[in-house]
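A.B. asks: Provide a 3D model corresponding to the input given below.
(2 chains)
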Amino acid sequence: MSLILIVSIVIALAVIGYVLGVQRAVSSADGDQRILHSLKGYYGQNVALTVLVPSLLVLAIWAIAQPLLIDQSVSGLLNLEDSRAQSLAMADVRRVAEGLDTAIAQGALTSDAAANMDAETTDVRDLLGDIGVAVGSDVTPETLNAAQRYRGLSNTGSWARGFVVLAIALAGFAFALSRITKDFRARNIVERGVLVLLIAAASVAVLTTIGIVLSLIFNTINFLQAYPAADFFFGTRWEPSFSGRGGSSELGFLPLIWGTMFISIISLIVAVPLGLFSAIYLSEYASPRVRSIAKPMLEILAGIPTIVYGLFALLTVGPLLVSAFGQGGFFGVDWMSGGTAAMTAGLVMGIMLIPFVSSLSDDIINAVPQAMRDGSYGLGATQSETIRQVIIPAALPGIVGAILLAASRAIGETMIVVLGAGAAASLSLNPFEAMTTVTAKIVSQLTGDGEFNSPETMVAFALGMTLFVITLCLNVFALYIVRKYREQYD
Amino acid sequence: MTDYKISAKGVQVYYGDTHAIKDVDVDIEDKTVTAFIGPSGCGKSTFLRTLNRMNDTIDICRVQGDIRIDGEDIYDSAVDPVQLRAKVGMVFQKPNPFPKSIYDNVAYGPKIHGLARNKAELDEIVESSLRKAALWTEAKDRLNAPGTGLSGGQQQRLCIARAIATAPEVLLMDEPCSALDPIATAQVEELIDELRQSFSVVIVTHSMQQAARVSQKTAFFHLGNLVEYGETDKIFTNPEDPRTESYISGRIG
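C.D. replies: I've put the predicted structure just below:
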């Protein structure tokens, strides 16, 4: 039974349940709606929710559990020791099983023929090729056998799924309808149903996060088994080789984190003063008219895709810097040999971060009570004295929080670095030299054509994990500071 | 005429289209406490804020008329409002200590205006201001503790100490006791009476008992008009205007 069919039947049941629930409630009150405990719609909603929530929940769990169970039972048939070979073979099995399904759907095979097919007598690969399903290699008897088993199990599974889900939906339908009397507290039950829906929505987000973190952790552990942890965390050279496996590559983390920190600090040196000053101007000095124009303009900066900033870095800022600091340039120094450099990426990233710093600081400065300003003006302080000595100290924890959030954003930035900073991992002190960051290297490691299980590729997870831990710490610290600040005035 | 510390003639204040103060004339004497009373929204706080040009910080507010302090027109373009506010201190309705230490709160004004030549002088100003505000005994051991950690009444006395530390000539108080309990109120009232020795004090209050207790002169505002102004005793015992009488006896407001 197909998924769409099941879901539509359940939804139809819910709709019918709603109508019947309302009718039953009204008739239980002899048509006088005022003596019902709840509005009549609640009785209908109660039935609909009782039909929908448990059955769809079971359906979701089933959808996750069934493939896992089937895979486990089928892969037993293949008898392969190596887990890598196992997963490749399972991919073949699934492909053949799908091919058989397609063949039956197109009428090229009867379902009996598909179930009893023998790889010794039939050329399965040809047969599937004829109907447009390409299989990588000849189909061995074991694979065919496993594929047939796979089909059988999924078939049984989906029938059982349909049966169980519909049974639950029907049971909910009957149960909810039978409980309706005029005193039934449908309103309160619906309230709880709403709560369940909201919790479900929240848990999707939370569970996804946990899933991502777990996958990062497990892959990092895999990587660290293939590559020594000390060499990764304390290695000073980043020279991955895609030709061999392991051994010949040097995957030192330090040059990457150095580049990340270097570029982030340059960008913060640009963004913090500019952002803070513009926030002070906007919140304290600007007239409402200027503010209503300038603030959205500044926030447009936040809406520009980072790849556009990357282009700007590559095509405008880089050449400009070379003409100033390169050989024969404006300053007559020869510090910069190419447009891609830590400085290029840092400057552009700083511009990208201005609206983060300014918009958050602006909110925080505005949150400083007017009474503080009045108090200071009342003592004969000028505006800038008030800002320097009263408002900034009062808003400082919040501003630090804003800066830390901007920093974690800078550390995670990728596109500007890929285009603006170059690809050479170096531990240099010269900001006009090409550098690279953790994020840029994750991109290049995963877009290379290395095998997926090689350390050169798996290192991306370890890099991602380290980056995640760093930005997480920064964010937690920032939130802690911001929260501490909030307590002051509330 | 020259006896008066502050003299206001034909003062009009507008908030956007609202005419908040209508043609108010008032003369305030030196070294007296003058109380402004009246129902909420009658313009007494607004008028108080015109006396040190605090209304300048509100964009939509316009002030017309003639206000002179010591004979000098404070709305003259040659007058620096910042300098004026150092001379005319203000204490607000809600205690608003800065998020700094008690010492720094009091030292804020003197530092800005360069009233102390060295640390010892600054210490002296802080101590004498806190003494005048009757906070010294409570605060002397915790001068480096944050001012926001004091109780409400102590915070308000800290704000008063902060205002008198700049050595103003006039002290404006906008309902200084409305956020305080009766004991703290009594302390602040006592303080106001002592401050009269050195400054001219103008206090806005909702409490007629308070006005009667602390002030020598009282002005009654109603709907933006100054209805009656005179000796406090006379206003409370024998008001001339029927509106004043009905407000004092609790029939309007």
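A.B. asks: where does the stretch 151-253 of chain B come near chain A, residue by residue?
C.D. replies: Proximity of the stretch 151-253 of chain B to chain A (Cβ under 8 Å from any Cβ of the partner chain) is limited to residues B:159, B:162-163, B:166. C-beta here means a position set from N, CA and C on the backbone, and glycine is covered the same way.
A.B. asks: Please indicate which of those has the highest neighbour count?
C.D. replies: Neighbour tally across those (other Cβ atoms under 10 Å in any protein chain shown): the maximum, 31 neighbours, falls on B:Arg162.
A.B. asks: coming back round to it: widest-spaced pair of the residues of the stretch 151-253 of chain B next to chain A?
C.D. replies: For those, the farthest-apart pair by Cβ to Cβ is B:Cys159 and B:Thr166; their separation is 12.4 Å.
A.B. asks: okay, the residues of the stretch 151-253 of chain B next to chain A in a markdown table with secondary structure and distance to A:Gly375 next?
C.D. replies: Shown next, in a markdown table, are those (DSSP: H, G, I helix; E, B strand; the rest coil; distance: Cβ to Cβ, whole Å):
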| residue | secondary structure | distance to A:Gly375 |
| --- | --- | --- |
| B:Cys159 | helix | 7 |
| B:Arg162 | helix | 8 |
| B:Ala163 | helix | 9 |
| B:Thr166 | coil | 12 |
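A.B. asks: Check those residues against chain A and report the nearest one.
C.D. replies: Taking Cβ to the nearest Cβ as the measure, B:Thr166 is the one of these closest to chain A, at 5.8 Å.
A.B. asks: ok, now which ones touch the closest one?
C.D. replies: Contacts for B:Thr166 (Cβ atoms under 8 Å, 6 or more residues apart in numbering or on different chains) come out as A:379-380, B:86, B:89, B:109-110, B:113, B:115.
A.B. asks: Closest to A:Thr122 out of those?
C.D. replies: A:Leu379 (96.2 Å).
A.B. asks: For the chain, give me the ranges with low pLDDT.
C.D. replies: If you meant another chain, say so; for now it's chain A. A:1, A:79-84, A:136-137, A:242-248, A:448-452, A:485-490 (pLDDT under 70).
A.B. asks: switch to chain B, that's the one I care about
C.D. replies: Chain B contains residues with pLDDT under 70 at B:1-2, B:252-253.
A.B. asks: tell me which element the residue of it found nearest chain A falls in.
C.D. replies: Residue of chain B nearest chain A, by Cβ to the nearest Cβ: B:Ala86 (3.2 Å). For B:Ala86, the host element (DSSP states H and E) is helix B:81-87.
A.B. asks: I'd like to know which residues of the stretch 251-400 of chain A are adjacent to chain B.
C.D. replies: Applying Cβ under 8 Å from any Cβ, one finds that the stretch 251-400 of chain A approaches chain B through A:287-288, A:369, A:371-382, A:385, A:389-390, A:393-394.
A.B. asks: Of the residues you listed, which count as buried by neighbour count?
C.D. replies: A:371-381, A:385, A:389-390, A:393-394 (16 or more other Cβ atoms under 10 Å in any protein chain shown).
A.B. asks: Distance check, the closest residue to chain B within chain A against A:Val390.
C.D. replies: Chain B sits closest to A:Gly380 of chain A, with a gap of 3.2 Å, by Cβ to the nearest Cβ. Applying Cβ to Cβ, to the nearest Å, the value for A:Gly380 to A:Val390 is 13 Å.
A.B. asks: Quickly check: the helix or strand hosting B:Ala120 near chain A or not.
C.D. replies: Under the criterion of DSSP H and E, B:Ala120 resides in helix B:119-132. No - contact of helix B:119-132 with chain A (Cβ under 8 Å from any Cβ) is absent, the minimum separation being 11.8 Å.
A.B. asks: Okay, buried residues for the very next helix or strand once past that helix please.
C.D. replies: Sequence-wise, the next helix or strand downstream of helix B:119-132 (DSSP H and E) is helix B:136-139. Neighbour counts over helix B:136-139 (16+ other Cβ under 10 Å) mark B:136, B:138-139 as buried.
A.B. asks: what does stretch A:322-336 contact?
C.D. replies: Stretch A:322-336 has contacts (Cβ under 8 Å, 6+ apart) with A:321, A:337-339, A:343, A:430, A:432-433.
A.B. asks: Farthest-apart pair in those, please.
C.D. replies: Distance extremes for the contacts of stretch A:322-336: the farthest pair is A:Gly339 and A:Asn430 at 14.8 Å, using Cβ to Cβ.
A.B. asks: So the two - more neighbours on which side?
C.D. replies: Set A:Gly339 next to A:Asn430 and count neighbours by other Cβ under 10 Å: A:Gly339 wins out with 21 against 14.
A.B. asks: Isn't that one up against A:Ala345?
C.D. replies: No - counting by Cβ atoms under 8 Å, A:Gly339 stays clear of A:Ala345, with 10.6 Å between them.
A.B. asks: tally of neighbours for residue 141?
C.D. replies: Since you didn't name a chain, this refers to chain A. As a burial measure, A:Pro141 scores 11 neighbours (other Cβ under 10 Å).
A.B. asks: The intended chain is chain B.
C.D. replies: Neighbour tally, B:Asp141, other Cβ under 10 Å: 8.
A.B. asks: Check A:Leu207 too.
C.D. replies: Burial measure for A:Leu207: 10 neighbouring residues, criterion other Cβ under 10 Å.
A.B. asks: mind checking the SS state of it?
C.D. replies: Secondary structure assignment for A:Leu207 (DSSP: H, G, I helix; E, B strand; the rest coil): helix.
A.B. asks: Secondary structure of B:Lys5: a helix, I assume?
C.D. replies: No - under three-state DSSP, B:Lys5 falls outside any helix and is assigned strand.
A.B. asks: now it: how far from B:Ala78?
C.D. replies: From B:Lys5 to B:Ala78 the distance is 20 Å (Cβ to Cβ).
A.B. asks: Look at the two and report which has more neighbours.
C.D. replies: Using other Cβ under 10 Å, the more surrounded residue of B:Lys5 and B:Ala78 is B:Lys5, with 21 against 6.
A.B. asks: Now do the contacts for the more buried one.
C.D. replies: Contacts for B:Lys5 were tallied using Cβ under 8 Å, 6+ apart; they are B:28-30, B:69-70, B:169-170, B:200.
A.B. asks: cool, and B:Glu189?
C.D. replies: B:Glu189 is in contact with B:177, B:210, B:213-214, counting by Cβ under 8 Å, 6+ apart.
A.B. asks: just checking, which of those belong to helices?
C.D. replies: Among the contacts of B:Glu189, DSSP state H puts B:210, B:213-214 in helices.
A.B. asks: Who wins on neighbours among these?
C.D. replies: Of those, with other Cβ under 10 Å as the count, B:Val214 tops at 25 neighbours.
A.B. asks: Quick check, it in contact with B:Val33.
C.D. replies: Yes - applying Cβ under 8 Å, one finds B:Val214 in contact with B:Val33, separated by 5.3 Å.
A.B. asks: Please enumerate the shared neighbours of those two.
C.D. replies: Common contacts of B:Val214 and B:Val33 (Cβ under 8 Å, 6+ apart): B:192-193, B:203.
A.B. asks: I'd like to know which of those residues are buried.
C.D. replies: Buried by 16+ other Cβ under 10 Å: B:192, B:203, out of the shared contacts of B:Val214 and B:Val33.
A.B. asks: Just give the closest residue to A:Leu301, not the sequence neighbours.
C.D. replies: Distances taken as Cβ to Cβ, 6 or more residues apart in numbering or on different chains place A:Pro355 nearest to A:Leu301, at 4.4 Å, with adjacent residues excluded.
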